[in-house]
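Peer 1: Everything below, folded, please.
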Amino acid sequence: MDRIAARTDGSLAVGRTEPGRGAWLCAGAPACFAAATRRGALVRALRRSVSGDEMDGLRARLYGAAPSAGRRSNGSDK
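Peer 2: So this is what the prediction gives:
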């Protein structure tokens, strides 16, 4: 399980031991994240609104880059 926490300073963090109001999601399951956001469960659990940019950032931190973003190169594969 992954935990998303709404910290007291207003930021969102991902981590099992992060302080603040939290929501638990299935680890490694993007469909779980999608269902939680679609149903409004994530916003309800965190008791705060979450912008689209914040949702994208959470998705990237939980599951890596978006599939459409492609693979990032660090220059070592040239």
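
Peer 1: Contact partners for the residue nearest the centre of the chain?
Peer 2: Nearest residue to the geometric centre of the chain (CA atoms, centre = their mean): residue 58, 2.4 Å. Taking CB atoms under 8 Å, 6 or more residues apart in numbering, we find residue 58 in contact with 4, 12, 14, 33, 50. For glycine as for every other residue, the C-beta is placed from the backbone atoms N, C-alpha and C.

Peer 1: biggest helix in this protein by residues?
Peer 2: Once the chain is assigned using DSSP state H, the helix that runs over the most residues is helix 52-63.

Peer 1: Now do the buried residues in it.
Peer 2: Residues 58, 59, 62 are the ones in helix 52-63 that count as buried (16 or more other CB atoms under 10 Å).

Peer 1: between those, which is closest to residue 43?
Peer 2: The shortest approach to residue 43 among those belongs to residue 58, at 11.8 Å (CB to CB).

Peer 1: Point out where the protein drops to low pLDDT.
Peer 2: By pLDDT under 70, the low-scoring segments of the chain are 65-78.

Peer 1: tell me the strands in it, going along the chain?
Peer 2: 2-6, 12-14, 21-25 (DSSP state E).

Peer 1: now those as CSV including distance to residue 54?
Peer 2: CSV is the format used below for the strands of the chain (distance: least, CB to CB, whole Å):
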stretch, distance to residue 54
strand 2-6, 10
strand 12-14, 6
strand 21-25, 13
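
Peer 1: Same list, the ones you listed, but as CSV with mean neighbour count and distance to residue 42 please.
Peer 2: Shown next, in CSV, are the strands of the chain (neighbours: other CB atoms under 10 Å; distance: least, CB to CB, whole Å):
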stretch, mean neighbour count, distance to residue 42
strand 2-6, 20, 7
strand 12-14, 18, 10
strand 21-25, 16, 5
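
Peer 1: Any idea which of those gets closest to residue 40?
Peer 2: With CB to CB as the criterion, residue 40 lies closest to strand 21-25 of those, at 11.4 Å.

Peer 1: Understood, closing this out.
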